[in-house]
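A.B. asks: based on what follows, work out the 3D shape:
(chains A, B, C and D)
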Number of protein chains: 4
Amino acid sequence: MAHTFTLLASCSDRVGIVAHVSDFIAQHNGWITEASYHTDPLSRWFFMRHVIAAESLPFGIDEFRRRFVPCAEELNLQWSISDSATPKRVVVLVSKEEHCLAELLYRWRTQDIRFDIAAVISNHEVMRDYVEFHGLPYHYIPVGKDNRGQAFREIEELFERYQAETVVLARYMQILPENLCLRYQGRIINIHHSFLPSFAGAKPYHQAYERGVKLIGATSHYVTQELDTGPIIEQDVIRVNHDTLVDDMVRLGKDVEKIVLARALRYVAEDRVLIHGNKTVVFS
Amino acid sequence: MAHTFTLLASCSDRVGIVAHVSDFIAQHNGWITEASYHTDPLSRWFFMRHVIAAESLPFGIDEFRRRFVPCAEELNLQWSISDSATPKRVVVLVSKEEHCLAELLYRWRTQDIRFDIAAVISNHEVMRDYVEFHGLPYHYIPVGKDNRGQAFREIEELFERYQAETVVLARYMQILPENLCLRYQGRIINIHHSFLPSFAGAKPYHQAYERGVKLIGATSHYVTQELDTGPIIEQDVIRVNHDTLVDDMVRLGKDVEKIVLARALRYVAEDRVLIHGNKTVVFS
Amino acid sequence: MAHTFTLLASCSDRVGIVAHVSDFIAQHNGWITEASYHTDPLSRWFFMRHVIAAESLPFGIDEFRRRFVPCAEELNLQWSISDSATPKRVVVLVSKEEHCLAELLYRWRTQDIRFDIAAVISNHEVMRDYVEFHGLPYHYIPVGKDNRGQAFREIEELFERYQAETVVLARYMQILPENLCLRYQGRIINIHHSFLPSFAGAKPYHQAYERGVKLIGATSHYVTQELDTGPIIEQDVIRVNHDTLVDDMVRLGKDVEKIVLARALRYVAEDRVLIHGNKTVVFS
Amino acid sequence: MAHTFTLLASCSDRVGIVAHVSDFIAQHNGWITEASYHTDPLSRWFFMRHVIAAESLPFGIDEFRRRFVPCAEELNLQWSISDSATPKRVVVLVSKEEHCLAELLYRWRTQDIRFDIAAVISNHEVMRDYVEFHGLPYHYIPVGKDNRGQAFREIEELFERYQAETVVLARYMQILPENLCLRYQGRIINIHHSFLPSFAGAKPYHQAYERGVKLIGATSHYVTQELDTGPIIEQDVIRVNHDTLVDDMVRLGKDVEKIVLARALRYVAEDRVLIHGNKTVVFS
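C.D. replies: Next comes the predicted model:
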């Protein structure tokens, strides 16, 4: 795997941004292996992503950061740079359903997606053996009516102890407290089912069956303080028909959920996602 | 194309329905070329579709109807039978957007779908030339605030004059009066855009762009008195990304709308759809 | 999960087959929960699948088998019946690549697909820990130039010892000897990559990249004596573009391979597949 | 629709290409609305596409061309620039099957794809009325054993008379002479069916049915002197099953063919395609 730096940046659109940034990179002999640009014509906001071969540069990532500051300031950039040699540290939260966790463990174990799982936290014990087989720490923190505050304080301490860069809610089934959402804004990703039309209330698969939908889907999004309405990272659907009974829908829903979550995590792990307002730009 | 009869039927589920109906067909030497069954385990309702080679039977469709009555009564069947030699008579309603109408005319002209277009009705004149090139009658019935009642009475008269078996709203953009929906229940099909999540209010594509959705879709459904909530016949989606601007979304939306509508019409034209409550069984 | 019997049968097409079989089932009060029929108009061969609620019958599967014989003989049926309470015994062969094995273990562990893994056989040791974590026997049988005959005799003995009903080649990367293919005809399923156009020779992903294909696929098929040309059970593709480098293609190829293999195994495990000549009927 | 210039270019990869080109654009105040880059790591070839708002530049396309020469020479670029105000002139060749022609006429009539149809040429008369309804010239040039040479000379004269920039073989069913392929290399696009596995010889859909394939596809590619092996522009597939009879496969094949051809033409019309060796880069 090549050693690269990935520079994500966005700013108000104007003439010469690409010239400015690519000049900076070229001045230092940086070899760009991937470059993507996008302008949102409604908000007039410009987004870019450069992947630069690390060995083509005469310095490391810290020196890059330092030298890039004047350029970034001139363009008024919001920016970050990451090093492929330092995979993202991820903490996974899971409840009792295995499908998303198993998918993430597979992607991590095979390094199909380059990321580190720092720890798994759950409000149940059922996944402990499987997680520990992988040599990963497993934290059991039950969440009940009476201890929610305490439980989420512990969870937040674990985020800090493990220096979680990204948190994945892999069917965690618990609503995070607002302050935690706020503190980790743009760093927590969630997966949930999606239907056309959408079904409010309990037992959505049951409702979908009763309504005779022909597609069931899943959406992965960033968690914000407002439930399930954060910036969408990835979506997909799977075809069903009248023969797809409720249990089959649940089963197929799991398949589409885990695939959509894995794709979203790949985009995050490879620094392909920029958030702007309530939407994302995903340079996939 | 083979000459066939298609028997659609449904009833409360019990042991022996298939035996009963297939015995009846076999007694008359009927050669079944397609057979499909479905039981809805929640409502305990049973659905079936048989396609029978017409030449294998010693009589025509009217005699089939007469002789099938005792069997149907014993099973308490809701049933209908159609003759492939008599394609469905369809009236198409259209406004100013061409994509769905052009798709239907193509499918009709090439008999890719076996159906007859009896007439096209529009509240605009823009499609007249294209429709009349096909040798089809075109009725211009403007619909305004002041003449809605009168306009829809004329439209209903046209449905009757043309003996419309199925009405297709090919982006008609007008809400049909309740009594018309009621009278033609289960015979009017509509197409509209669908999003995950759904967007209420005006300019849905604009909202979808602002929300950064990754899929846009379309749903074809039967029209009921309640707006856009009738039984779903077909759905599909198309992938978009941040680069898909609002105009592109509208364009891609047209592509998915016309394809979904054409598929729904095929299912209806080939007597593949049974309605039960607010859902369909589509033996596709 | 409901307790059911699944009856698969096929015969030369003629009038009255469905009536005959459904009569037999109805006589014994059998409640059909799924029924599927297909006629191949070219070969004039008829295929059917019935799922019958076990508790609706007054006897078990052995008695069903005995009583069904006259009916089957009259229709000259090729048939089999299975009991959902006795999941298929599957032996999995694997080499060094994990993706297909991990998928099968997940589907088995969660019983997302109802089947039993009797044992895993490999020509490498790398998967031992992961397989043994699941409590499954792992047999290491190296296959070299000099011991092929001996190795496959051992493998065949393991098939027999474990009473393998189905063998899955989960990226086994070894060509099975002809006599083994012959003895287990219709019982060994394989997965391999597929391209449009197809690429002969080594490094197919490399060739596909060089050719600029826009889709890469996978095919799961029954193993026959002729390499990779047996009856197809399932196929799918995944979209790529010029940015999909060879490594990405390999990675995406793994994703589509494991999904296609899992679907094929589900069809086999649920007795949905009938083989006729060199093709399958899959009542999915 | 915005007035834009689209600059396509490629060259041997090295540091500073993006900086160089974007500097040139920025110097003239050019506002880049889309930019795409790709490096082929195997051939070390670099590809780029810039869309520039025409009104942001102080000069027109001819002056752009003149001024860009030194920059292009320094980088040793292969390049072209086009003006969105001058849509591509396309000549369509068609035989008796309507599906692809009807699709192209729809996309042209609605300007869903921005291109001009200069003329339609056919070896049959069947499409004349439909083409002439659109106000387009229709040339009937029969092609037989005895007049192939003469016929293709006439066809080539028509290409020249109409100044065809792109030629679309919309199911033309005739093999073009080698010299014509050579003269119009990179400018003729074709559509044909694709299968997994591929089927040589006549009646491919019949073979695909007999083989029980689960997918049928289509490939659009540039025509080269070697039959059906030119650079691929776009591919797609559609799902079939055992119930999809040969006629249904042919029908579904038409659907996927016309969609793939329309997408390929859009990419060409919007200057999104670069050819390199026997592959394409499509900035879609």
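
A.B. asks: only C-alpha atoms from now on, for both contacts and neighbour counts.
C.D. replies: Will do.

A.B. asks: low-scoring stretches of the stretch 1-150 of chain A, by residue?
C.D. replies: Within the stretch 1-150 of chain A, not a single segment meets pLDDT under 70.

A.B. asks: so which bits of it are right by chain B?
C.D. replies: Residues of the stretch 1-150 of chain A lying near chain B by Cα under 8 Å from any Cα of the partner chain: A:His38.

A.B. asks: would you mind listing what in the stretch 1-150 of chain A touches chain C?
C.D. replies: So far as Cα under 8 Å from any Cα goes, the stretch 1-150 of chain A lies against chain C at A:102, A:106, A:112, A:133.

A.B. asks: and chain A, what are its domains?
C.D. replies: A:4-83, A:89-282 (automatic domain parsing).

A.B. asks: how far does the first one sit from its chain's centre?
C.D. replies: If you compare the mean C-alpha spot of domain A:4-83 with that of the full chain, they lie 21 Å apart, counting by Cα atoms, centre = their mean, to the nearest Å.

A.B. asks: to chain D, which of the domains of chain A lies closest?
C.D. replies: Proximity to chain D (Cα to the nearest Cα) singles out domain A:4-83 among these, at 4.7 Å.

A.B. asks: how about the closest one, does it reach chain D?
C.D. replies: Yes. Taking Cα under 8 Å from any Cα as the criterion, domain A:4-83 and chain D are in contact, through A:14-16, A:18-23, A:25-26, A:29-39.

A.B. asks: A:Leu93: what secondary structure?
C.D. replies: Taking DSSP: H, G, I helix; E, B strand; the rest coil as the rule, one finds A:Leu93 in the strand state.

A.B. asks: got it, and A:Ser43?
C.D. replies: State at A:Ser43, reduced to three classes by three-state DSSP: coil.

A.B. asks: quick check: closest non-adjacent residue to A:Arg109.
C.D. replies: Counting by Cα to Cα, 6 or more residues apart in numbering or on different chains, the nearest residue to A:Arg109 once its immediate chain neighbours are dropped is A:His134, at 7.9 Å.

A.B. asks: number of nearby residues for that neighbour?
C.D. replies: 13 (other Cα atoms under 10 Å in any protein chain shown).

A.B. asks: near chain B at all, the longest helix seen in chain A?
C.D. replies: If you go by DSSP state H, chain A has its longest helix at helix A:246-269. No. Using Cα under 8 Å from any Cα, helix A:246-269 stays clear of chain B, with a minimum separation of 9.5 Å.

A.B. asks: and that helix, which residues are buried?
C.D. replies: For helix A:246-269, burial by neighbour count (16 or more other Cα atoms under 10 Å in any protein chain shown) applies to A:246, A:249-269.

A.B. asks: what sits up against that helix?
C.D. replies: A:87-88, A:99-100, A:103-104, A:107, A:113-115, A:170, A:189-193, A:205-206, A:209, A:216-220, A:233-238, A:240, A:273, A:282-284, C:112 (Cα atoms under 8 Å, 6 or more residues apart in numbering or on different chains).

A.B. asks: distance of A:Arg67 relative to A:Leu7?
C.D. replies: For A:Arg67, the distance to A:Leu7 equals 13 Å [Cα to Cα, to the nearest Å].

A.B. asks: compare the two and say which is more crowded by neighbours.
C.D. replies: Neighbours were counted for A:Arg67 and for A:Leu7 using other Cα under 10 Å; A:Leu7 has more, 19 against 12.

A.B. asks: which residues does the more buried one contact?
C.D. replies: A:49-52, A:79-82.

A.B. asks: buried among these? Need that as a selection in ChimeraX.
C.D. replies: Of the contacts of A:Leu7, the buried ones go into a single ChimeraX selection, burial set by 16+ other Cα under 10 Å:
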select /A:49,50,51,52,79,81,82
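
A.B. asks: quick revisit: of the contacts of helix A:246-269, which belong to helices?
C.D. replies: Per DSSP H, the contacts of helix A:246-269 map to helices at A:99-100, A:103-104, A:107, A:205-206, A:209.

A.B. asks: top of those by number of neighbours, please.
C.D. replies: Going by other Cα under 10 Å, A:Cys100 tops those with 26 neighbours.

A.B. asks: that one and A:Arg171 touch, don't they?
C.D. replies: Yes. Assessed by Cα atoms under 8 Å, A:Cys100 is found in contact with A:Arg171 at 6.9 Å.

A.B. asks: helix, strand or coil: sort out the closest residue to chain B within the stretch 1-150 of chain A for me.
C.D. replies: Residue of the stretch 1-150 of chain A nearest chain B, by Cα to the nearest Cα: A:His38 (7.0 Å). Classification of A:His38 by three-state DSSP places it in strand.

A.B. asks: repeat for A:Ala19
C.D. replies: Applying three-state DSSP: A:Ala19 is helix.
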